[in-house]
Structure formats: C-alpha cells, structure tokens
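S.K.: Got a sequence here, can you model it:
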Amino acid sequence: MDTTFSSRRLALAALLLSTLLGALGASIANVGLPALSAHFGAPYARIQWIVLAYLLASTAMALVAGRLGDRVGRRRVLLGGIVLFGAASGACALAPSLPLLVAARALQGAGAAAMLVLSLPFAAEAGGRSGRTIGLLGSVSAAGTTLGPAIGGILLGGYGWPALFLAPVPLGALAFACAWRGLPAGPGPAGQPGARAALPWGALLANGSMTAIVMAILVIGPFHLTRSLGLGSAATGLAMACGPLAAALAGAPAGRAVDRHGARAAARFGLACAAAACALLVLLPASIAGYLVPVALLTTGYAVFQAANSSAVMAACAPDRRGAVSGMLALSRNLGMLAGASGMGMLFAAGGMRMAFAGAFLPLATAALGWRRMKEAMDRA
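M.R.: Numbers count the residues shown, from 1 in each chain. Below is the predicted model:
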C-alpha cells in the first residue's frame, strides 16, 4: 500500500477489525439460540435460521462483493459493507419478531461478505509484508471464531440477547473510521510481471479441500469428546477451543514464513502437518492427548497452508481481478465447510473417528494435487 506509516497502521487495523467482525458475527449468536427460542416462543427448526441466514447470505454475496469491489472500488464497497453490517447489527438487537431478526441477520451476513472478501486483496497489496498481513487476517479470523461463544456467553448472562448484536456496533464504527482514514481511495497498484487474469482453479480446489478436513473437527469433535471420551460440556468446550486457538497462534508466524521462505515451502509444510495429524487421529488410541495433539497439529497446518495458498493466489491473478478471485476463495471455503460437515460426518457416523480421518486422506490428496497444478500453471506463465 502506497501510504504513510500512520496510514498503513490504520489500514491494517481496518482489515483486522473487518475480519474480526465477520468471524464474530458468525459465532457470537450461537450461544444465544436457547434464549432466543424462549423469547420468541419458537422451536429449533425456526430458530436455526438465525444462524443459517447469516451463513447463506455471506456465501451468496461473496462473489458479488468481490466483483463489485473490482468494478467500483474496493474501498468504497468495503466501507459500505461495514456500514451495512453495523446497521444490521443494530436492527438485530431491536427486532420485535423472529422473521425480522432473521432478515436483519441476512443483511448482517451480506455486510460481512464485503468485509471478509475485500480485506484479502488489500492485504495482498502490502508489498513485502503481504504474507504476514494475510497470516494476521487468518489469526484474527480464528480468534474471532474461538472467542465468539465465550464473549457471547458473558454478554448474554449480563445483558440479555440484544447485547449479542449490539456489541459489534462500536467495533464497526472503529473499523469504518480506520478504513476511511487508512485505506487508499484509488485503484490498487499495477500488477507485477507475470500476474495473470486466469482463475487459479487448483488453488480453489485446494482451499475447499483443506477447509473440509478442518470443518469435520468442528462437527464431529463434540460427539467424539462426549460419547467416546466421556467429557462433560465444560471440558468439551475447552477441548474444542484447542483447534481454533492453535490456528490463531499459527497465523502470523505462517505469514512471516511465506514472506521469508516462499509460498511453495510453506504450503508443503502445511500439507505435511495435516497429513501427520490425520494419521495420528487414525492410529492413536482414543484419549484426550490423542485428540488434542493431532487437532492442534491439523489446525496449525491449515493456517500455514491457507496463508501460502492465499498469498500465491493473490500474486498470481491480475490486480484488477483480486476482488473477484477473493470471492471465489470465500465460496470454495464455504463449500468445503459443507462437504466436510456432510461427507466426513457420514463416515464418523458409520465408523467413528478413525474411519472419518482415514477418509480425510482423499480431500488431503485433492488439496495437494490442486496446489501442484496451480504452481505448475504459475511456473509456465
């Protein structure tokens, strides 16, 4: 980013806050579902749309936000996304009925899509710090996912369910101020030699495949911990926080590794960590350590691979298409979540943790193949 040192710091703060808000929006409301069910007198089948509306809207708007940012200006669309997210958050807190709350959540998800999708192209324009910045975004996203339920529980207990939606509003105002002052108003810098307009399909395939494996932990982990290991709800919650916490801690070092050693070496390291973790989940006896150690290794590998993959994709595509490609990355990540939750969930139901993560080697091989094809295409360019 061609800005002063102060503006660069404000720009980084804007990107980190935007990413944090998007992650918090997806996770903070979950803890309030029982209270919302009691308040509106609605069964779970209807209450679950509070979560689904956000996720579906953020998925559907990912491509739109990216392409719109490329056409009319990423700063303008990102600022609009922050405003929409903040206004929708306030509307959620004031919603007098469940249908209006669900509608406001959909608008909140649409704003989150703009914030999450357009933060990555701005990070890619950070010069020699692009890998580090992308890694920081990954850390903040994982931290938001981890902290969301804990923060939500505190707010719910102290102030009631509207506080779950009001809490992001001041953070949104701060993100808007930082983005207004720090993000460049003009177009991104000219592409480096070799930058292409071709869509890196291999990277998108790798992105979705790796996400599918990690998503499986979030879905089948609670069942394994409670049914196979006999943990209570509090211990299960702590154990489930291990994976996102490891990813949060690994994100920034992963980005520095990409800047220092290159995306190829970092991606291979991330794939190797994920493969070792899946093997441990298959081979180790069922125990707390046999769960926590592989999961921490898996999510660390995921953080390293994602930093490498995202950095390589942003470097490979033309600068005027980075918004659209970032939207494709977000879409592939969400599709990977669905595939991991359904496919590996079915394997877990059929044969437990060992069968599920024996099956994980298929998406892992797909990720490795997708990454290899993308790098071969880049080398030929």
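S.K.: Now do the helix or strand hosting R268, average pLDDT.
M.R.: Per DSSP states H and E: R268 is located in helix 263-283. Average pLDDT, helix 263-283: 94.
S.K.: Same check on stretch 329-343?
M.R.: Stretch 329-343 comes out at a mean pLDDT of 85.
S.K.: residues in contact with that stretch?
M.R.: Stretch 329-343 is contacted by residues 55, 58-59, 62-63, 66, 113, 116-117, 120, 203-205, 207-216, 218-219, 310, 313, 359, 363 when judged by C-beta atoms under 8 Å, 6 or more residues apart in numbering. To be clear about C-beta, it is placed using only N, CA and C from the backbone, and glycine gets the same treatment.
S.K.: quick check: domain ranges of the chain?
M.R.: 5-182, 201-380 (automatic domain parsing).
S.K.: I'd like those domains as CSV, with mean neighbour count appended.
M.R.: Shown next, in CSV, are the domains of the chain (neighbours: other C-beta atoms under 10 Å):
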stretch, mean neighbour count
domain 5-182, 21
domain 201-380, 20
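S.K.: ok so, going back, next secondary structure after the helix holding R268?
M.R.: helix 288-316.
S.K.: And the residue nearest the centre of this structure?
M.R.: Compute the mean C-alpha point of the chain, and by C-alpha atoms, centre = their mean the closest residue is S141, 5.5 Å away.
S.K.: ok so it is a helix residue?
M.R.: Yes: counting by DSSP: H, G, I helix; E, B strand; the rest coil, S141 falls inside a helix.
S.K.: Numbering from 423 from now on, please.
M.R.: That works, and once the first residue is 423, the last one we named lands at S563.
S.K.: So it versus A729, what's the distance?
M.R.: Distance, S563 to A729, using C-beta to C-beta, to the nearest Å: 11 Å.
S.K.: which neighbours do those two share?
M.R.: By the contact definition C-beta under 8 Å, 6+ apart, S563 and A729 are jointly contacted by G673.
S.K.: So which helix or strand of the protein has the lowest pLDDT on average?
M.R.: Across the helices and strands of the chain, the lowest-confidence element by mean pLDDT, DSSP states H and E is helix 655-662, at a mean of 78.
S.K.: hmm, who's touching the next helix or strand after that one?
M.R.: Note on helix 655-662: by DSSP H and E, the next helix or strand toward the C-terminus is helix 664-683. For helix 664-683, contacts defined as C-beta under 8 Å, 6+ apart pick out 550-565, 567-568, 636, 639-640, 643, 687-688, 691-692, 714, 717-722, 724-726, 728-730, 733.
S.K.: Just the C-alphas of helix 664-683, formatted as CSV.
M.R.: Listed next in CSV are the C-alpha coordinates belonging to helix 664-683 (Å, rounded to 0.1, in the frame of the first residue of the first chain):
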residue,chain,number,x,y,z
CYS,A,664,-7.8,-26.1,21.1
GLY,A,665,-8.0,-26.2,17.3
PRO,A,666,-9.1,-22.6,16.6
LEU,A,667,-6.6,-21.4,19.3
ALA,A,668,-3.7,-23.2,17.5
ALA,A,669,-4.8,-21.7,14.2
ALA,A,670,-4.9,-18.2,15.7
LEU,A,671,-1.4,-18.6,17.2
ALA,A,672,0.0,-20.0,13.9
GLY,A,673,-1.5,-17.4,11.5
ALA,A,674,1.0,-14.6,12.0
PRO,A,675,4.2,-16.9,12.0
ALA,A,676,2.8,-18.6,9.0
GLY,A,677,2.5,-15.4,7.1
ARG,A,678,6.1,-14.5,8.0
ALA,A,679,7.2,-17.9,6.8
VAL,A,680,5.6,-17.2,3.5
ASP,A,681,7.4,-13.9,3.1
ARG,A,682,10.7,-15.4,4.1
HIS,A,683,10.7,-18.9,2.5
